[in-house]
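K.L.:
kindly generate the corresponding structure for this input.
(one chain, ligands or ions: 3)
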Amino acid sequence: MTAQSSRPTTDATTFACEHNHTSCIEEALESARMVCEKEGERFTDLRRQVFELVWAEHKPVKAYDLLSELSSQRSGVAPATVYRTLDFLQAQGLVHKLESLNAYLGCSQPKQDHQGHFLICESCEEVRELESKAFSKSISEIENTQNFQVKNITVELFGLCAKCQDQNVDPTGNL
Ligand SMILES: [Zn+2]
Ligand SMILES: [Zn+2]
Ligand SMILES: [Zn+2]
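P.N.:
Ligands and ions are numbered 1, 2, ... in the order given. From the prediction side, this is the model:
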């Protein structure tokens, strides 16, 4: 195993400050539509709205925040409806649930079968989703050595994003 690639590999999505988020949302909506179409599911207005709200920022969104946001857009949305819609989006792999935060995040690679690995910034709350082969490999090893069948993997790493490391100052302070 001596083969080495000199190309830098990027296996993470970028943070909001590093890209055009408008086209990012448009692309996400387009792939969500395609995923639903492929699965023979309808990407209804409600599903699209909830999805857009989850994608509004690259930050985890709590269901009750979604609910209040959604209520301002359309009337008579029951909490159960929102949860059902989130369950649907989660089942289609369009959003992830961050267990430790009890919040939802749009998936950056919905067409790929993957488990969620996340880098969560404690300061600005932005979340980067990692496509980490290394984690998956370790998990397979654990399955083999422990004779344990892993069904659900969520890795949530908390810390400081590059931007917040640079601004390692009191976030409430004046510039
Ligand atoms: Zn974006
Ligand atoms: Zn994902
Ligand atoms: Zn940050």
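
K.L.:
switch to C-alpha atoms for all contacts and neighbour counts from now on
P.N.:
OK.

K.L.:
which bits of the chain sit near ligand 1?
P.N.:
By C-alpha under 5 Å from the ion, the part of the chain that sits against ligand 1 consists of His21, Cys24.

K.L.:
just the pLDDT at the residue in the chain that ligand 1 sits nearest to, thanks.
P.N.:
At 3.8 Å from ligand 1, His21 is the closest residue in the chain, using C-alpha to the ion. According to the prediction, His21 has pLDDT 91.

K.L.:
ditto for the one 3 residues further on
P.N.:
pLDDT for Cys24: 92.

K.L.:
separation between it and Cys107?
P.N.:
12 Å (C-alpha to C-alpha, to the nearest Å).

K.L.:
of the two, which one has the most company?
P.N.:
The residue with more neighbours, out of Cys24 and Cys107, is Cys107; 24 against 14, by other C-alpha atoms under 10 Å.

K.L.:
what degree of burial does the closest residue in space to the more buried one that isn't next to it in sequence show, as a neighbour count?
P.N.:
Leaving aside its sequence neighbours, Cys107 sits nearest to Val95 (C-alpha to C-alpha, 6 or more residues apart in numbering; 4.8 Å). Neighbour count for Val95, taken as other C-alpha under 10 Å: 24.

K.L.:
now Leu86
P.N.:
Leu86, neighbours per other C-alpha under 10 Å, totals 23.

K.L.:
just the one 3 residues further on next, same as before
P.N.:
For Leu89, the number of neighbouring residues by other C-alpha under 10 Å comes to 22.

K.L.:
same question for Ser136.
P.N.:
15.

K.L.:
cool, His21 as well?
P.N.:
When neighbours are counted by other C-alpha under 10 Å, His21 comes out with 16.

K.L.:
pull the residues that contact stretch 30-38.
P.N.:
For stretch 30-38, the surrounding residues in contact (C-alpha atoms under 8 Å, 6 or more residues apart in numbering) are Arg42, Phe43, Gln92, Leu94, Pro110, Lys111.

K.L.:
ok, now with 10 Å
P.N.:
24-29, 39-44, 47-48, 51, 89, 92-95, 107-111 (C-alpha atoms under 10 Å, 6 or more residues apart in numbering).

K.L.:
kindly list the longest helix within the chain.
P.N.:
helix 21-38 (DSSP state H).

K.L.:
contact residues of this protein facing ligand 3?
P.N.:
Counting by C-alpha under 5 Å from the ion, the residues of the chain near ligand 3 are Cys121, Ser123, Cys124, Cys161, Cys164.

K.L.:
many thanks, have a good one.
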